[in-house]
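**Q** sequence and computational prediction follow.
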Amino acid sequence: MVEVIWTRSALNDLRAVFNYISEDSIFYATRFTNQLIQRVDVLLEFPLAGRIVPEKEDPAIRELIEGNYRIFYLVKSQKKIFILRIHHSAKNIR
């Protein structure tokens, strides 16, 4: 099984998503951030489940999609994955 490590940037992104949605509903903010976390859990068994990020063209940098969000991750090795960012798909990648 793979170890999934959330970077500080990804945790900050998750918190920002929660804060934005919670302006309207804490219930839905909690529910959606839990969906994002559960989406990442698929990587524990299937680390290459996401597609290669087209803008990066690096097979080690992949993404999962959940709703309007892109979850970027780095496959460091067969045993270690880093969640890099959670990014709204309407925004440009920096």
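**A** Thanks, I have the structure now.
**Q** just to check, Ala10 is in contact with Ile86?
**A** Yes. Ala10 is in contact with Ile86 according to CB atoms under 8 Å; the separation is 5.9 Å. All C-beta atoms are positioned from the backbone trio N, CA, C, and that covers glycine.
**Q** neighbour-wise, which of those two wins?
**A** Looking at Ala10 and Ile86 with other CB atoms under 10 Å, you find the greater number of neighbours at Ile86, namely 25 against 21.
**Q** for Val53, see how far away the more buried one is.
**A** According to CB to CB, to the nearest Å, Ile86 and Val53 sit 13 Å apart.
**Q** now do the shared contacts for these two.
**A** 70, 72 (CB atoms under 8 Å, 6 or more residues apart in numbering).
**Q** quick one: the helices in this protein?
**A** Assigned by DSSP state H, the helices in the chain fall at 8-22, 26-41.
**Q** take those and write them to TSV, including distance to Glu63.
**A** Shown next, in TSV, are those (distance: least, CB to CB, whole Å):
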stretch	distance to Glu63
helix 8-22	12
helix 26-41	11
